[in-house]
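*Asks:* only geometry, no sequence info:
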C-alpha cells in the first residue's frame, strides 16, 4: 500500500513538474503576425533577433501579406489570434478593442513617445498599441540650389507659398510637379493633399469628424479643402503638364522634375518615402544639398501646422509575459534604431539618436515628427475601403479631369452612406 502511495505521489510530482516545464516553455515563446515582406521583413527579423538574444524568448514571425486585416479578424473570431500583430491603422485597432480582443499596455512603455502618437494608440484613455515607426506626409520637397539661384525663400505660411508660386510663374517656371497616376490606386496622392488641407483649414477635430463620417462630404469645410487643392492642381501655370500631366504622370516619377535642367518644377508635396524614388532616379544627388524639405505651411492660423502621416502600429492580442516583453522591446529606442537604420523610416521613440538615420533629411524629418503637437493618421486609410481606397481615389481623378466638384462630393457621399 505504501509503495502504491509513493508511486502515485511520484507520478503526481512528475505531472506537476511537467506542467511547470510546459508553462515555462510557453512563457519563452511569442508569435507575431506582420504585413511586411522583402526588405521590410528582413529588417524586422534583424530587430527581432536582438530581442531573442537578450531575452531567450523564441519569436515566430508570420508574414501574412497586405490582407492582414482580414486575417486578424478571422483568427480573432476563431479564437486563435497571434500573440502580437501589426495593425493596419488606429481605426482597425479600435475595432478590436470594441471586441475586447486587445490587451491594454502600461503607460511606461510609451513614456518616450510623442503624446500625439500615444493618443493615436489609445481608446478611452487606455493604451492598446505602440508605433514602431512612422512616415511623415506633410512635406514639400525642393531643390535648394535652384531656390538659391533665383533668390527664393522657403515659405512659412500659405500666403507666402502662393506668392512664391506666382513669382516662379512670373520668372517663367512652373511651381509644382504633381503625379496622381498609380495604376489601380490612381488618385491616392491627391487624397493626401485633401487631408493636409483639411487639417489646416478645418482643424483636427473637424478632420476626425470627416474621417468618421460625422459630417457629410458635401459639407462646406470639405468643399473648401477640395477647392484649395483645385486652385493648385487645376491651374495650368502652377503644375507641370497642367491637369493632364497630373493625371498621367506616375507619383514616383513626378519628383524627378525637380532635378532636370532646366527644372520642370520647383516643389513637390509627398511623404518621406519619396526619397527612395529620388535616390533610385538620381543616385548622385546629395541629401540636404541637392534636395531638401519643408513642412507644408499653415493656412488658417488658428489651426497651426498639424502633421499628417502613417505608421507601423503593433498591438498585443494575448496577455502573456512574453507578449508584454516583445511590446516593450518594440517600443524601445534600441529596437526602433535598428528598424530605421535598415529602412530609412522615422522612429517614434524620441530617444533614438539622430546618428541612426542614413542622411540629414531623414534625421531632420524625424526631429519634426518628434516635436509634433498634433499628428493625424492618413484619413483615407482610416475610412472604409469602399470610400478611402475607392470613391475618394476615383473622385480625385474625376475632379482633376474636370468633373463638377458638387457631383464628385455627392458621389463619394453616397458611397459613404452605404459603407459606414
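*Replies:* All right, it came through fine. Computed from a predicted model, the values in this text were never measured in an experiment.
*Asks:* Do a quick rundown of the helices in the stretch 51-200 of the chain.
*Replies:* Assigned by DSSP state H, counting those that start in this stretch, the stretch 51-200 of the chain shows helices spanning 68-77, 90-98, 115-120, 144-149, 158-170, 188-201.
*Asks:* domains in this protein, as residue ranges please.
*Replies:* Under automatic domain parsing, the residue ranges defining each domain of the chain are 30-135+310-376, 139-305+383-419.
*Asks:* With mean pLDDT as added columns, please give those in TSV.
*Replies:* Below are the domains of the chain laid out as TSV (pLDDT from 0 to 100):
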stretch	mean pLDDT
domain 30-135+310-376	94
domain 139-305+383-419	97
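*Asks:* List the buried residues for stretch 214-225?
*Replies:* Neighbour counts over stretch 214-225 (16 or more other CB atoms under 10 Å) mark 215, 217, 219, 222, 225 as buried. Glycine gets a C-beta too; all of them are placed from N, C-alpha and C.
*Asks:* wait, stretch 387-396
*Replies:* Applying a neighbour-count criterion of 16+ other CB under 10 Å, one finds 387, 388, 389, 390, 391, 392, 393, 394, 395, 396 buried in stretch 387-396.
*Asks:* Next: stretch 282-299.
*Replies:* Of the residues in stretch 282-299, those buried by neighbour count under the rule 16+ other CB under 10 Å are 282, 287, 290, 291, 292, 293, 294, 295, 296, 297, 298, 299.
*Asks:* hmm, back to that, dump the buried residues of stretch 387-396 into a markdown table; add secondary structure and distance to residue 260 as well.
*Replies:* As requested, the buried residues of stretch 387-396 are arranged in a markdown table below (DSSP: H, G, I helix; E, B strand; the rest coil; distance: CB to CB, whole Å):
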| residue | secondary structure | distance to residue 260 |
| --- | --- | --- |
| 387 | helix | 37 |
| 388 | helix | 34 |
| 389 | helix | 32 |
| 390 | helix | 35 |
| 391 | helix | 35 |
| 392 | helix | 31 |
| 393 | helix | 28 |
| 394 | helix | 31 |
| 395 | helix | 31 |
| 396 | helix | 26 |
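*Asks:* Going by distance to residue 349, which of the residues you listed wins?
*Replies:* Within those, distances to residue 349 taken as CB to CB reach their minimum at residue 388, with 28.3 Å.
*Asks:* Name the nearest residue to that closest one, ignoring sequence neighbours.
*Replies:* The spatially closest residue to residue 388, leaving aside those adjacent along the chain, is residue 380, at 3.8 Å (CB to CB, 6 or more residues apart in numbering).
*Asks:* Check residue 198 too.
*Replies:* Skipping the residues right next to it in sequence, residue 198 comes nearest to residue 225 by CB to CB, 6+ apart, at 4.6 Å.
*Asks:* pretty sure that neighbour is in a helix, no?
*Replies:* Yes: going by DSSP: H, G, I helix; E, B strand; the rest coil, the assignment for residue 225 places it inside a helix.
*Asks:* ok, it touching residue 203?
*Replies:* No: counting by CB atoms under 8 Å, residue 203 is not a contact partner of residue 225; they are 11.5 Å apart.
*Asks:* So which residues of the stretch 251-400 of the chain form strands?
*Replies:* For the stretch 251-400 of the chain, applying DSSP state E, counting those that start in this stretch gives strands covering 267-269, 292-295, 307-316, 375-377.
*Asks:* how about those in a markdown table, adding distance to residue 325?
*Replies:* Listed next are the strands of the stretch 251-400 of the chain as a markdown table, based on distance: least, CB to CB, whole Å:
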| stretch | distance to residue 325 |
| --- | --- |
| strand 267-269 | 40 |
| strand 292-295 | 37 |
| strand 307-316 | 10 |
| strand 375-377 | 27 |
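*Asks:* just so I know, which of those lies nearest residue 95?
*Replies:* strand 307-316 (11.2 Å).
*Asks:* Show me what that closest one is packed up against.
*Replies:* Secondary structure elements in contact with strand 307-316, counted by 3 or more CB pairs under 8 Å, 6 or more residues apart in numbering; DSSP states H and E, are strand 84-87, helix 90-98, helix 115-120, strand 130-136, helix 188-201, helix 321-331, helix 360-370, strand 375-377.
*Asks:* what's the nearest residue to residue 185 once chain neighbours are set aside in contact with, if anything?
*Replies:* When the adjacent residues along the chain are set aside, residue 185 lies closest to residue 393, with 6.5 Å between them (CB to CB, 6+ apart). The contact partners of residue 393, by CB atoms under 8 Å, 6 or more residues apart in numbering, come to 185, 186, 187, 188, 190, 191, 380.
*Asks:* which of those residues count as buried?
*Replies:* Restricting the contacts of residue 393 to buried positions leaves 186, 187, 188, 190, 191, 380, with burial counted as 16+ other CB under 10 Å.
*Asks:* Pick the one among these closest to residue 98.
*Replies:* Relative to residue 98, the closest of the buried ones among the contacts of residue 393 is residue 380; by CB to CB it sits at 21.7 Å.
*Asks:* one step back: and which of the contacts of residue 393 is nearest to residue 231?
*Replies:* residue 190 (13.4 Å).
*Asks:* The closest one contacts residue 229, correct?
*Replies:* Yes: contact between residue 190 and residue 229 holds when scored by CB under 8 Å: they sit 6.9 Å apart.
*Asks:* what sits in contact with each of those two?
*Replies:* Contact with both residue 190 and residue 229 is made by no residue, according to CB under 8 Å, 6+ apart.
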